[in-house]
Structure formats: C-alpha cells, structure tokens
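Please work out how this folds:
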Amino acid sequence: MQDIEIENEVKSLIAQVLEKDPNTIKPDARLVEDLGMDSLMALEILVAVEKKFKITIPEQKLSEMNTLNATVTIAKEFLSKKAPA
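This next block holds a predicted model:
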C-alpha cells in the first residue's frame, strides 16, 4: 500500500469518527485542540485504524496520535511490522 493511500485511509477514518469533512483535516491539525477529539474518539480512531489495516497498535500509542501525520506515521510503523501474508 502506498503512503498516500495510507494517509487518505487514515484521514477518512478520522473524519468519520470526528464527523468532519476529510478535506478540512490538515496534516498537522491537532486532533484535540483543533478538531475537538476526546479520549473516546481517540480510542475509536485507534480501533478503526487497527481494523482497517489488520494491525494491533498498543493503547500507549494513543497519546502520540495527536495529528493526522502522527497517526499515519504510527499506522505505517505497525504496518511495516506486520508479518507478510
């Protein structure tokens, strides 16, 4: 999967959970301060990313998922650790 595809998928998941237009989510927008994400939404995003990419991300990573870019980086990190099928 290409990096841009991962970014677009993560952006779509975040937009869906936060009920925002994906086109309004900037890569460096802070999910809590700028987009109104709360802790439950953060957990929903984590689970949605895990389900979409069939990966497991430790809950300790939640605090690092503070922007779209950070969330994409974490998804890519765990995708790279995923065993090939």
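
Apart from its chain neighbours, what residue comes closest to the residue nearest to the spatial centre of the chain?
Residue closest to the mean C-alpha point of the chain, counted by CA atoms, centre = their mean, is Thr71 at 4.0 Å. Nearest residue to Thr71, sequence neighbours excluded (CB to CB, 6 or more residues apart in numbering): Met65, at 4.6 Å. Placement of C-beta: from N, CA and C, glycine included.

From Glu77, how far out is the one you found?
Note on Met65: its distance to Glu77, by CB to CB, to the nearest Å, is 11 Å.

more neighbours, these two?
More neighbours surround Met65 than the other of Met65 and Glu77, with 23 against 12 (other CB atoms under 10 Å).

just checking, that one touches Ile45?
Yes. Met65 is within contact range of Ile45, at 6.8 Å (criterion: CB atoms under 8 Å).

residues shared between the contacts of those two?
Common neighbours of Met65 and Ile45 (criterion: CB atoms under 8 Å, 6 or more residues apart in numbering): Leu31, Thr71.

give me the number of residues near Lys82?
By other CB under 10 Å, 11 other residues sit near Lys82.

make that Met37, sorry
20.

wait, what's in contact with it?
Applying CB under 8 Å, 6+ apart to Met37 gives the contacts Val17, Leu18, Leu31, Ile45.
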